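[1] what would the 3D arrangement of this be:
(chains A and B)
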Amino acid sequence: MQKQDNTLANENYELGGIEMKQDIKLRVSQIEKSFPGVKALNKIDFEVRKGTVHALCGENGAGKSTLMKIINGIYKPDAGQIFIDEKPVKIQSPIHARQHGIAMIAQELNYVPEMSIEENLFLGRLPVKKMGKVDWKLLRKKTLEFLEAEQLPYKPTQKLKTLTVSDIQMLEIIKAISNNAEIIVMDEPTSSITHREVEMLFKKIAELKQQGVSIVYISHKLDEVFQIADDITVFRDGAVVESHPAKEMTMDQVISLMVGRKMENVYPKEPVAVGETLLEVNGLHSTGIFKEIDFHVRKGEIVGFAGLVGAGRTEVMRAVFGLDPITSGEIRINHKKVVIKGVADSIRHKMVMLSEDRRRYGIIPIRSVMENASISSLEKVIYGGYTHDKEERRIVGEYFKKMNVKTPSLDTPIQSLSGGNQQKVLLAKWMLRDPQILILDEPTRGIDVGAKFEIYKLMVDMAKQGRAVIMVSSELPELIGMCDRIYVMNQGKITGELKQDEFSQEAIMKYATNTK
Amino acid sequence: MFAKIKNAPAKEKYSIFIVLFVMIFLCSFLNKNFLSPANLSNIMKQLAVSTILAYGEMLLIISGMLDLSSGAVLALSGVLSIIAYKSTGSLVLAVIVAIVVAVTCNLVNAFMITHLNAPPFIATLVMMQVARGVALLITNGQNILQLKNYVIFGQGNIGPVPISIIITAVITVVIWYILRHTRLGRSLYAIGGNEEASVAAGITVKKNKYTVFIINGILVGIAGVLFMSRVNAGLPNGAIGYEMEGLTAAIVGGTSFSGGVGTTMGTLAGAFIIGCLNNIMNLIGVDSYVQQIVKACIIALAVIWDIRSKTKKTRKVILVEEKKEA
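    Numbers count the residues shown, from 1 in each chain, chains lettered A, B, ... in the order given. This is a model prediction of the structure:
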């Protein structure tokens, strides 16, 4: 934990010139919200000062999102009031919220990939001339102004799908500004962007503050929170636990407030005796995607893969796992050369992979948690001519207990679980295969502190049992805290390999950006 | 720790069966002949073909595909089967020909979809045109008459029970078994639920897609024999729009068009709902043009009801989950 605080925290994004303005921009008072049988929010008081960043921390399900949905007009509160500039308002709908100067940048960005930048920016409010004809000239002019102001090197006519995630996010912010938003809610804005893009985002936030915009910032990444927040409010179980200026709080304090108990160690890493090489990859090559990939993982080792988004880490792992073809190169497992043409081959060699994109490559949303867990081990539950229902329940239930999966029943569709629990179901799916090699691609993305800890714990247990773990991650503190060795990739090549005593964010970033 | 699903209220789980029973109840009041054994047997005989097609469509929709060609392929395999029968006199050969022809057409469908990446809608639309064209070409557009013993499949009985009903019943059991008790069945739900995730979970998606099309082919072939023998003629222009009947039955029966959801019994109930509707309207003498409109409205109602009860269920689960998380 200590190691990671350095680089980011030293760069100061707060603008010294700004006075602490005391005017309250947004205030919610005694907000309550119940769903049948659940009290989601209990007498919430919360205020955001003008021109400041107010961070909301709390585990998934603590009530942050519910409150934000109320502020954005998606839910109506059962009791309590919302004040903007100390005037009471009733927010009926997201459009209504927009009229009150509230904009929301959701975690899952909403955009139309097939439409152009200009169309997306002004979606739902395209400027029109007489007879309802779209004023394309004006549209282009306005869009160009915004793009130039933000120095984004795009044409207004470019389709959104050709942009990077962080630029799309920047466009969302532009959209909010172009709406004259005075309060911007950002929900996990850094969950899918790189280190450098985070810096750009923070610069933008500092600018917005200067213009007097208030920002509500929801994030699981506490180092970021402490970097930019002026105030921090911690939620737990639908209530505000504490709310203070950021200066008066420490990271450990926030964590223990969030989980309601003291977290001794964020990374439960334990030293493990490393055995012989289990997986060895030599000269893996895929034309135009990655080349000359050599790496190995030993028994009992947790090996990290660092790099910027687009460095080719996921692509390499997908190829090793048999999801994508390779042009040349060899893969050895237990010193034997293996041919992996598909996932079935990997599974046979006891190698499994948790994908970075849980929704796309992980869950089968509409099917039950049980089916999601047993789908890769069907021969264990369907054999001898029929489905052994009881056995399936027993096996899956056992692994769910081990993984501490929280689900109302085994027949609940996986889509109604929280991200952390979905991830644990997917891990249980692979644990059922008794894997020797575990490839985890961004295993903790977008999940709460508690679930993260459990996943780290599982990794350590796996290593202790002499299995090999590969972790691809964009969060450097996590890599530094968990790994025995880290490979760094840049533009489809491995540019560096670091041993534990060489770990530092600077060293990794140097290789990741390939600036030696 | 993990409660069994049975906590879902029966109303939601069995909504489609309730619709069916309410309908049968109402129908028995509208016409006293409705529940007579002769009429019920008649309904089921008429239903055999579209039910069998509905099973094929259901399997395909569950795995995220569909088949627009089943009506046309039915006609093609039916007429070829009759030609085979007329030239050899062998009923066994006739059935084999029907199945082989339909399976071949479906293998082409599967090839277009899995290897050429054609969307199922387009691939089977192409097959629909081709199969119909070939059927008309072979027969020169003429109906083949005087089928002699061939009619036994659609019109014969074993004891008091019509052969077509027995065949449909056997197929129902087989399809139920496939979905409920085979790895194939489980894989189909997964593929329709999220194809990319299924690949990443190690399911051989292409192989499963071929398999489901082969099953569909067998079903269409059998339906071809039953259809032609019931109408007592080889109609190259027959069974137009039957793929829609099959699709409708599957959808009314709760098969989700977005894939990953559907049951054999639901589809059977869906087929029955449509069959009863047709039958009762004939019995009470509703004008045939009006019939079509009424049928469409009732189907829409059934589907809306089904969807509404399902969304309610999901919402409840999410709330429970939020509560547990909180």
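[2] identify the residues contacting the spatially closest residue to A:M509 that is not a sequence neighbour.
    Excluding its sequence neighbours, the residue lying closest to A:M509 (Cβ to Cβ, 6 or more residues apart in numbering or on different chains) is A:H195, at 6.8 Å. Where you see a C-beta, it was placed from the backbone N, CA and C, and this is true even at glycine. Applying Cβ atoms under 8 Å, 6 or more residues apart in numbering or on different chains, one finds that A:H195 lies in contact with A:308, A:474, A:476, A:509, A:512.
[3] change it to 10 Å
    A:7-8, A:306, A:308-309, A:474-476, A:505, A:508-509, A:512-513 (Cβ atoms under 10 Å, 6 or more residues apart in numbering or on different chains).
[4] kindly report the same for A:V405.
    A:V405 sits in contact with A:369, A:373, A:396-397, A:399, A:417, A:420-425, A:427-428, A:451, A:454, B:2, where contact means Cβ under 10 Å, 6+ apart.
[5] number of nearby residues for the spatially closest residue to B:G156 that is not a sequence neighbour?
    Using Cβ to Cβ, 6+ apart and skipping residues adjacent in sequence, the residue nearest B:G156 is B:I163, 4.8 Å away. When neighbours are counted by other Cβ atoms under 10 Å in any protein chain shown, B:I163 registers 18.
[6] roughly how far apart are B:I163 and A:E172?
    Distance, B:I163 to A:E172, by Cβ to Cβ, to the nearest Å: 64 Å.
[7] one more: B:A102?
    Taking Cβ to Cβ, one finds B:A102 at 52 Å from A:E172.
[8] between the two, who's got more neighbours?
    Applying other Cβ under 10 Å to B:A102 and A:E172 shows that B:A102 carries more neighbours, namely 32 against 22.
[9] that one touches B:F227, doesn't it?
    No: judged on Cβ atoms under 10 Å, B:A102 makes no contact with B:F227 at a distance of 11.8 Å.
[10] assign the residue of the stretch 401-516 of chain A found nearest chain B to helix, strand or coil.
    Residue of the stretch 401-516 of chain A nearest chain B, by Cβ to the nearest Cβ: A:D411 (3.6 Å). Here A:D411 is coil, with the state taken from DSSP: H, G, I helix; E, B strand; the rest coil.
[11] and for A:I184?
    Put simply, A:I184 is strand when judged by three-state DSSP.
[12] same question, B:G262
    With three-state DSSP as the criterion, B:G262 reads coil.
[13] how near is B:Y14 to chain A?
    In this view, B:Y14 and chain A are 15 Å apart by Cβ to the nearest Cβ, to the nearest Å.
[14] okay, now the unreliable bits of the chain?
    Assuming you mean chain A. Scanning chain A for pLDDT under 70 picks out the ranges A:1-22, A:36-38, A:60-61, A:108-109, A:192, A:261-265, A:515-516.
[15] that's the wrong chain, I wanted chain B
    B:1-13, B:302, B:306, B:309-326.
[16] number of nearby residues for A:G310?
    15.
[17] once you drop chain neighbours, what's closest to it?
    Leaving aside its sequence neighbours, A:G310 is closest to A:T164 (7.7 Å, by Cβ to Cβ, 6+ apart).
[18] pretty sure that neighbour is touching A:E197, no?
    Yes: because the distance of 7.9 Å satisfies Cβ under 10 Å, A:T164 is recorded as touching A:E197.
[19] if you count surrounding residues, which of these two has more?
    A:E197 (20 against 14).
[20] look up how far A:A468 lies from the nearest residue in space to A:M351 that is not next to it in sequence.
    Of all residues not flanking A:M351 in the chain, A:I437 sits nearest, at 4.0 Å (Cβ to Cβ, 6+ apart). Plainly put, A:I437 is 5 Å away from A:A468 if you go by Cβ to Cβ.
[21] which ones are touching the residue nearest to A:G310?
    When contacts are counted by Cβ under 10 Å, 6+ apart, A:T164 touches A:170, A:192-194, A:197, A:309-310.
[22] related to what we said a few turns ago, of the contacts of A:H195, buried ones?
    By neighbour count, with 16 or more other Cβ atoms under 10 Å in any protein chain shown, those hold A:8, A:306, A:308-309, A:474-476, A:505, A:508-509, A:512-513 as buried.
[23] which bits of the stretch 101-250 of chain B sit near chain A?
    B:177, B:180-187, B:189-206 (Cβ under 10 Å from any Cβ of the partner chain).
[24] which of the residues you listed are buried?
    Judged by 16+ other Cβ under 10 Å, buried ones among those: B:180-187, B:189-205.
[25] quick one: which of those sit in helices?
    The helices, defined by DSSP state H, take in B:180-181, B:183-187, B:189-193, B:195-200, B:205 from those.
[26] contacting residues around stretch B:26-38?
    B:24-25, B:39-40, B:42-43, B:160, B:276-277, B:279-285.
[27] and of the residues you listed, the nearest to A:D187?
    Of all the contacts of stretch B:26-38, B:L277 has the smallest distance to A:D187: 48.6 Å, by Cβ to Cβ.
[28] quickly find the element holding that closest one.
    Using DSSP states H and E, B:L277 maps to helix B:264-283.
[29] quick check, the residue in the stretch 51-200 of chain B closest to chain A?
    For the stretch 51-200 of chain B, Cβ to the nearest Cβ, closest residue to chain A: B:G193, 3.7 Å.
[30] does that residue touch A:G362 like I think?
    No: with contact defined as Cβ under 10 Å, B:G193 does not reach A:G362; the gap is 11.7 Å.
[31] what sits in contact with each of those two?
    A:372, A:414.
[32] wait, what's in contact with B:L20?
    Going by Cβ under 10 Å, 6+ apart, B:L20 touches B:14, B:252-253, B:268-273, B:276, B:302.
[33] if you set the cut-off to 7 Å instead, what comes out?
    Going by Cβ atoms under 7 Å, 6 or more residues apart in numbering or on different chains, B:L20 touches B:269, B:272-273.
[34] CSV please, covering those and showing neighbour count and distance to B:G141.
    Below are the contacts of B:L20 laid out as CSV (neighbours: other Cβ atoms under 10 Å in any protein chain shown; distance: Cβ to Cβ, whole Å):
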residue, neighbour count, distance to B:G141
B:A269, 25, 38
B:F272, 23, 35
B:I273, 24, 35
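[35] quick one: which of those residues is nearest chain A?
    B:A269 (20.4 Å).
[36] didn't that closest one look like it was pressed against B:I18?
    No: between B:A269 and B:I18 there is no contact under Cβ atoms under 7 Å: 9.6 Å.
[37] near chain B, which residues of the stretch 201-350 of chain A?
    Counting by Cβ under 7 Å from any Cβ of the partner chain, the stretch 201-350 of chain A comes close to chain B at A:237-238, A:323, A:343-344, A:347.
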